[in-house]
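S.K.: this one's structure only:
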């Protein structure tokens with residue numbers, strides 16, 4: 001890396017308001033699915049817990065059909081949610097990241113006009129595509145888990161309370177996945193857009209900023225703090241065996257300070 005004087009801009013951070021809003025809407029949808037699922041199971045209590053049913057290899061077809069119809073309907077609801085909300089989140093992350101970068105450049109005495117170029121638009125499309133896939137995976141994953149839970153409970157002759165407890169546990173996992181998706185995707189969107197904006201301006205390096213958002217922060221990322229690196233190449237992370245960029249790994253809250261090189265008398269980190 002170059003050792004010439006430089007200005008280190010302020011880091012671009014994910015919007016806490018956007019993150020909270022996105023998490024609220026996604027978990028609300030997930031929690032509504034949970035409530036409707038438990039209501040469905042309770043409405044089928046006699047079928048599920050009927051004497052002698054435990055001897056069957058599988059639950060009665062009526063239960064299977066009801067669960068299949070339930071999850072087909074919820075797949076469509078999550079698809080509709082993803083189609084709108086993923087694009088909306090990416091657009092808001094773009095606005096937030098661009099505004100922060102613009103203000104940082106102004107503080108350094110530079111005024112830049114931003115527009116959505118092909119490069120930035122491609123980054124946003126990638127963000128939306130990944131986000132849509134993750135949102136759709138919530139009911140898809142729960143579908144298989146609930147089917148297995150119900151089948152297993154029926155074969156063992158368990159009562160409704162036991163079935164509900166197991167399904168509720170599966171739903172809590174889905175809720176937690178929704179929280180992680182909302183938080184992680186907002187981070188990733190902000191970092192990806194900020195990086196593409198910088199690269200378009202010819203800003204090719206940054207200074208890693210470790211920001212711990214978990215109870216067990218990555219030791220490799222703590223060690224990276226303050227290190228100057230290539231925005232396109234990232235830094236080598238021994239824990240995963242390859243180079244990474246801030247915000248790239250799941251639950252990574254790190255960011256960076258964009259570096260304006262070759263400016264004598266500039267600020268250093």
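M.R.: Thanks, I have it. All values reported here derive from a predicted model rather than from experimental measurement.
S.K.: Go through stretch 107-121 and flag the buried ones.
M.R.: Residues of stretch 107-121 classed as buried by neighbour count (16 or more other Cβ atoms under 10 Å): 108, 114, 120. Glycine gets a C-beta too; all of them are placed from N, C-alpha and C.
S.K.: Just give me the closest of those to residue 36.
M.R.: residue 120 (39.1 Å; Cβ to Cβ).
S.K.: pretty sure the closest one is touching residue 197, no?
M.R.: Yes - under the criterion of Cβ atoms under 8 Å, residue 120 makes contact with residue 197 at 6.7 Å.
S.K.: Could you pull out the residues contacting both of these two?
M.R.: Here residue 120 and residue 197 have no joint contacts, going by Cβ atoms under 8 Å, 6 or more residues apart in numbering.
S.K.: nearest spatial neighbour of residue 123, skipping sequence neighbours?
M.R.: residue 196 (4.6 Å; Cβ to Cβ, 6 or more residues apart in numbering).
S.K.: sorry, back to before: and the buried residues of stretch 107-121 as TSV, adding distance to residue 255?
M.R.: Formatted as TSV, the buried residues of stretch 107-121 follow (distance: Cβ to Cβ, whole Å):
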residue	distance to residue 255
108	17
114	19
120	18
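S.K.: A strand includes residue 243, no?
M.R.: Yes - assessed with DSSP: H, G, I helix; E, B strand; the rest coil, residue 243 lies in a strand.
S.K.: Which residue is the nearest non-sequential neighbour of it?
M.R.: Per Cβ to Cβ, 6+ apart, closest to residue 243 is residue 234, 4.1 Å.
S.K.: what about the one you found, how many neighbours?
M.R.: By the measure other Cβ atoms under 10 Å, the count of residues near residue 234 is 19.
S.K.: got it, and residue 251?
M.R.: Residue 251: 15 neighbours (other Cβ under 10 Å).
S.K.: Just say helix, strand or coil for it.
M.R.: Per three-state DSSP, residue 251 ends up coil.
S.K.: Report the strand of the protein that spans the greatest number of residues.
M.R.: strand 255-261 (DSSP state E).
S.K.: what does that one contact?
M.R.: By Cβ under 8 Å, 6+ apart, strand 255-261 touches 2, 4, 6-13, 101, 104, 108, 110, 191, 194, 198, 203, 205-209, 211, 228-229, 231, 246-247, 266, 269.
S.K.: What are the buried residues along the helix or strand of the chain with the lowest mean pLDDT?
M.R.: Least confident helix or strand of the chain, by mean pLDDT, DSSP states H and E, is helix 45-49 with a mean of 75. By neighbour count on 16+ other Cβ under 10 Å, the buried set for helix 45-49 is 48-49.
S.K.: what do you get for stretch 28-48?
M.R.: 29-30, 33-34, 37, 41, 44, 48.
S.K.: residue ranges with poor pLDDT in the chain?
M.R.: By pLDDT under 70, the low-scoring segments of the chain are 1-4, 50-61, 213-214, 262-269.
S.K.: At which residues are the strands of it located?
M.R.: 6-8, 205-209, 228-230, 235-237, 242-244, 255-261.
S.K.: Would you tell me which helix is longest in the chain?
M.R.: helix 61-107 (DSSP state H).
S.K.: name the helices or strands packed onto that helix?
M.R.: helix 16-43, helix 45-49, helix 118-156, helix 160-200 (3 or more Cβ pairs under 8 Å, 6 or more residues apart in numbering; DSSP states H and E).
S.K.: With distance to residue 72 as added columns, please give these in CSV.
M.R.: Formatted as CSV, these follow (distance: least, Cβ to Cβ, whole Å):
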stretch, distance to residue 72
helix 16-43, 12
helix 45-49, 19
helix 118-156, 9
helix 160-200, 17
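S.K.: and among those, the most buried is which?
M.R.: helix 160-200 (a mean of 20; mean count of other Cβ atoms under 10 Å).
S.K.: Give me the angle between it and strand 255-261.
M.R.: 0 degrees (axes from the mean of the first three to the mean of the last three Cα atoms, to 10 degrees).
S.K.: Next up, the contacts around the nearest residue to residue 94 once chain neighbours are set aside.
M.R.: Leaving aside its chain neighbours, residue 94 sits nearest to residue 193 (5.1 Å; criterion: Cβ to Cβ, 6+ apart). Applying Cβ under 8 Å, 6+ apart to residue 193 gives the contacts 93-94, 97-98, 120, 123-124, 127.
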